Each structure stands twice: as C-alpha cells, then as structure tokens.
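Trainee: Pasting a predicted model and its sequence here:
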Amino acid sequence: MSETTVIQNTNFNATVEYPDEAVRRASVDGTPETLTLETRNLSRAVSGKLLVNDISVQIPPGEVLAVVGPSGAGKSSFLRLLNRLDEPTGGSVLLNGTDYREIAPRELRRRVGMVMQTAWLFPGTVAANIAFGPRQRGEILTEEQIAALLNRVGLPGYQDRDVSNLSGGEAQRVSVARTLANAPEGLLLDEPTSALDEASARGIEELLLDIIQERRMTCVIVTHNRLQAARIASRTMVLESGGLVTIGPTKEVLHDH
C-alpha cells in the first residue's frame, strides 16, 4: 500500500518560497523577513475541558522550540492554535507584536506554514500540489520556481510525477516544498517524521533544519521523539494536562524530565 495520503480537497496552507517570492519578501538589506512568535495566556477549552491552559511563551527568529509531553498533554492543540486552525478561548498569539486576530486567516497561514504528520496531497502531479498555495492568491509559479523548490527538498525532476506513486518520505518532501512555496516566516511541525522509517525520518529532519537555519525561520515542533528534540531544538517545553510544566534549554529540560 502506498504511504502517501491523497485527498480530493485541501485547505492546508501551501507555502511557496524561492525565487521571486523570496526576493519580493526580502528586507532592504537583502535578508528574508523574520518572525517573533509569542503567546500570551493562550488557552482553549472545549465542553468545559481545558485543552490548552494559560501558556505564555516567546519564540524569536531562527529558534526551534520543541513541544513534548505525554499523550493528551495538549501538544497538537497548542500547535493548532498558533495559526488559528483552532480558535483560542483565552489569550492570544502575536506575530511581531501584532495580535493574529488582526491578520486575515489566509495571510496568517501563509506566513506561518504547517507540515503535518501525514503528507496530505490532492490527486495530480507534484508540480500542481506545489503551485496550489500561490494559485489561491492569484500568483502563478514558473516552471523554474517549481524546479528550484524541488531541488531544494531533494526531489529534482519530480514535477510531473503523480503523487499517488510517491513513497512516504517523498510525499513529505513534497509537503515541505509546498509549504516553502508561500515563503513562510514561521513553521509549525506536527510530528513530521513519525510516520516514516528511520532513514526517511532523518532525511526529512536534516532537510527541515537546514531550511530553518538558512532562512532564520521561527519554528515550533511537536514531537514524541526526545532524541529528535535534542538534535534540532534549542529550547524545549513540556506540557501536561494542557499546561506548561517547564521550558528551557533542551538538554537541561530533557535531562530533568
């Protein structure tokens, strides 16, 4: 059975980066725009149950923050709040000091891209999937731009391949390219390698870390793999029952917990 999940429709934010988009979003000194992501007393309750409870944290440009904790701790719920896939019932999220409720949802999800555990792709070619996000904004990616994105994620020449024939690792790389297509300033990763074999997982992990470092992207990764957190995250926060237990340098936090 193919490891690729193909869906008919998608509302996920594709994020297209190189080359014109990145140039257009560059600051006057030629560096990409950067993002400080902050939560202030962020909470979400559903049917009286607190899924996320009063979390305040600031993530500066270029930092990778890992979110760990037991099953049901609220890790994915916290991540989904960061680009309003779910609505907070208390507190808020700020992008460079601006409350994210003042930002149109489509623009918010372009600026803060998301890569899920499973690569949700829709039927058709790799190129069509990558071009999806910009097309929703009336922008057309050139063949050269698509090729550049595929080269960046280690899939040269994959433009015309049907997504139904991709391996799980290849599909996840297409998902990363689709996210980069929108030139995001921040990246949310929800267990991005947990469905992959070890070799594919390490390849995706290294790819993501390289991209985060080269673009100084602000990143939050939910992971059950503490070794992965130790490899890529400078800070780690531990959640339990929706609340923040501790946050600090990854080595210290993982040693103590």
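Mentor: Structure received.
Trainee: What's the mean pLDDT across the strand or helix carrying residue 43?
Mentor: Per DSSP states H and E: residue 43 is located in strand 37-46. Average pLDDT, strand 37-46: 97.
Trainee: Show me which parts of that strand are buried, residue by residue.
Mentor: Buried residues in strand 37-46, counted by 16 or more other C-beta atoms under 10 Å: 37-40, 42-44. Where you see a C-beta, it was placed from the backbone N, CA and C, and this is true even at glycine.
Trainee: Three-state assignment for residue 184, please.
Mentor: Assigned with DSSP: H, G, I helix; E, B strand; the rest coil, residue 184 falls in the coil class.
Trainee: Kindly apply the preceding question to residue 160 instead.
Mentor: Secondary structure state of residue 160, per three-state DSSP, is coil.
Trainee: Helices of this protein, start to end?
Mentor: With DSSP state H as the criterion, the chain has helices at 20-24, 75-81, 105-111, 126-136, 143-152, 168-180, 198-215, 226-232, 250-256.
Trainee: ok so, going back, can I get the strand holding residue 43 in PDB, CA atoms only?
Mentor: Taking Å, rounded to 0.1, in the frame of the first residue of the first chain, the C-alpha atoms of strand 37-46 are listed here in PDB:
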ATOM      1  CA  LEU A  37       6.000  34.400  17.600                       C
ATOM      2  CA  GLU A  38       4.500  35.000  21.000                       C
ATOM      3  CA  THR A  39       1.700  33.500  23.000                       C
ATOM      4  CA  ARG A  40       0.100  35.400  25.900                       C
ATOM      5  CA  ASN A  41      -2.000  33.400  28.300                       C
ATOM      6  CA  LEU A  42      -3.100  31.200  25.400                       C
ATOM      7  CA  SER A  43      -6.000  28.900  26.300                       C
ATOM      8  CA  ARG A  44      -8.500  26.700  24.700                       C
ATOM      9  CA  ALA A  45     -11.400  24.900  26.400                       C
ATOM     10  CA  VAL A  46     -13.900  22.600  24.700                       C
END
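Trainee: Just checking: what are the partner strands of it?
Mentor: strand 49-59 (antiparallel), strand 90-95 (antiparallel) (DSSP bridges).
Trainee: Just give me how far that strand sits from the chain centre.
Mentor: With C-alpha atoms, centre = their mean, to the nearest Å as the basis, strand 37-46 stands 18 Å off its chain's centre.
Trainee: Please apply the same query to stretch 183-203.
Mentor: 8 Å.
Trainee: Would you mark the buried spots in that stretch?
Mentor: Residues of stretch 183-203 classed as buried by neighbour count (16+ other C-beta under 10 Å): 183-193, 195-196, 200-201, 203.
Trainee: Pick out the lowest-pLDDT one from these.
Mentor: Least confident of the buried residues of stretch 183-203 in the model: residue 195, at 85.
Trainee: so how far is residue 54 from that residue?
Mentor: Residue 195 sits 32 Å away from residue 54, going by C-beta to C-beta, to the nearest Å.
Trainee: likewise residue 216?
Mentor: Residue 216 sits 29 Å away from residue 54, going by C-beta to C-beta.
Trainee: Repeat that for residue 189.
Mentor: With distances taken as C-beta to C-beta, residue 189 is found 24 Å from residue 54.
Trainee: What of residue 158?
Mentor: Residue 158 is 44 Å from residue 54, where distance means C-beta to C-beta.
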